[in-house]
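[1] Sequence isn't available, so here's the structure alone:
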């Protein structure tokens, strides 16, 4: 029974996390901003990697 209670609480927390994540993404997209991941390397670093 204790495991069922823990499972229900974990499922509830996961639901809250997903809801907050989706709300944050929607808030970011609302003013017309693009929701993209920034590149990790700049052009110089990309050229250095491809030269190796």
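    Received the coordinates, thanks. On a predicted model such as this, the values are computed, not experimentally measured, just so you know.

[2] Contacts for the worst-scoring helix or strand of the chain on mean pLDDT, please.
    Of all helical and strand segments in the chain, the minimum by mean pLDDT, DSSP states H and E falls on helix 43-51, at a mean of 83. Around helix 43-51, the neighbours that count as contacts under C-beta atoms under 8 Å, 6 or more residues apart in numbering are residue 41. Every C-beta, even on glycine, is put in place using the N, C-alpha and C of the backbone.

[3] Any buried residues in the helix of greatest length in the chain, and which?
    Across the chain, the helix with the greatest residue count (assigned by DSSP state H) is helix 2-29. Across helix 2-29, burial judged by 16 or more other C-beta atoms under 10 Å covers no residue at all.

[4] pLDDT of it, averaged?
    The average pLDDT for helix 2-29 rounds to 95.

[5] Mind giving me the packing neighbours of that helix?
    Contacting helix 2-29 under the criterion 3 or more C-beta pairs under 8 Å, 6 or more residues apart in numbering; DSSP states H and E is no other helix or strand.

[6] Any figure for the gap between residue 26 and residue 35?
    From residue 26 over to residue 35 the distance is 9 Å, taken as C-beta to C-beta, to the nearest Å.

[7] meant to ask about residue 18
    For residue 18, the distance to residue 35 - C-beta to C-beta - is 16 Å.

[8] Repeat that for residue 21.
    Distance from residue 21 to residue 35, by C-beta to C-beta: 12 Å.

[9] Now do the residue positioned nearest the centre of the chain against residue 13, distance only.
    Geometric centre of the chain, nearest residue: residue 21, 7.2 Å, by C-alpha atoms, centre = their mean. Distance of residue 21 to residue 13, given as C-beta to C-beta: 12 Å.

[10] can you check residue 34 too?
    In terms of C-beta to C-beta, residue 34 sits 30 Å off from residue 13.

[11] okay, now residue 31: neighbour count?
    6 (other C-beta atoms under 10 Å).

[12] same deal with residue 1?
    Residue 1 - counted by other C-beta under 10 Å - has 5 other residues nearby.

[13] next one: residue 49
    9.

[14] What of residue 32?
    Other residues close to residue 32 by other C-beta under 10 Å number 5.
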